[in-house]
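J.: Generate a structure from the sequence data that follows.
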Amino acid sequence: MQWGINGRPTWYADKTIGLWMPVAIIVVIAPQIFLKIKQVEAQAGAWYWIGMIAMFCFIAAVYAWHISAVITWAEAQP
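T.: Sure thing, here's the model as predicted:
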């Protein structure tokens, strides 16, 4: 999970945690990004926000499906 100066891992995490961590980070950071854009872009209309949120949900769903498929495949390996 993290590499030290000597080139060796300093700690490890379970595969499931490692795979789902980006999803958790995106879920925490995305609303902050949306709010920041809302503050800066006064001209952004409703369709802009609907499109942005729909795209975020689509990407998150594809990523979650991929993680589930990888975990299922890994558990099926001998």
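J.: List the residues that contact the residue positioned nearest the centre of the chain.
T.: A centroid search over the chain (C-alpha atoms, centre = their mean) returns residue 23, at 2.9 Å, as the residue closest to the centre. Contact criterion C-beta atoms under 8 Å, 6 or more residues apart in numbering gives 60, 63, 64, 67 as the residues in contact with residue 23. In this view, the C-beta of every residue, glycine as well, is placed from N, C-alpha and C.
J.: Does the second one lie in a helix or a strand, and which?
T.: Spelled out, it's residue 63. helix 46-76 (DSSP states H and E).
J.: just to revisit the earlier point, could you confirm the residue nearest to the centre of the chain falls within a helix?
T.: Yes. With DSSP: H, G, I helix; E, B strand; the rest coil as the criterion, residue 23 is part of a helix.
J.: Mind pulling up the pLDDT for it?
T.: Note for residue 23: predicted pLDDT of 79.
J.: again with the one 4 residues further on
T.: Reported pLDDT at residue 27 in the predicted model: 82.
J.: picking up where we left off before, can you flag the buried ones in the contacts of residue 23?
T.: Neighbour counting with 16 or more other C-beta atoms under 10 Å marks residue 67 as buried within the contacts of residue 23.
J.: Any chance of the contacts of residue 23 in CSV with distance to residue 3 and pLDDT as columns?
T.: What follows is those, written out as CSV (distance: C-beta to C-beta, whole Å; pLDDT from 0 to 100):
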residue, distance to residue 3, pLDDT
60, 27, 82
63, 24, 85
64, 27, 84
67, 23, 85
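J.: State the distance from residue 29 to residue 39.
T.: Taking C-beta to C-beta, to the nearest Å as the measure, residue 29 and residue 39 are separated by 16 Å.
J.: Off-centre distance for stretch 67-78?
T.: The chain centroid and the centroid of stretch 67-78 are separated by 19 Å under C-alpha atoms, centre = their mean, to the nearest Å.
J.: Would you mark the buried spots in it?
T.: When neighbours are counted by 16+ other C-beta under 10 Å, the buried residues of stretch 67-78 are found to be residue 67.
J.: Residues touching it, excluding its own?
T.: Contacts to stretch 67-78, defined as C-beta under 8 Å, 6+ apart, come from residues 15, 16, 19, 20, 23.
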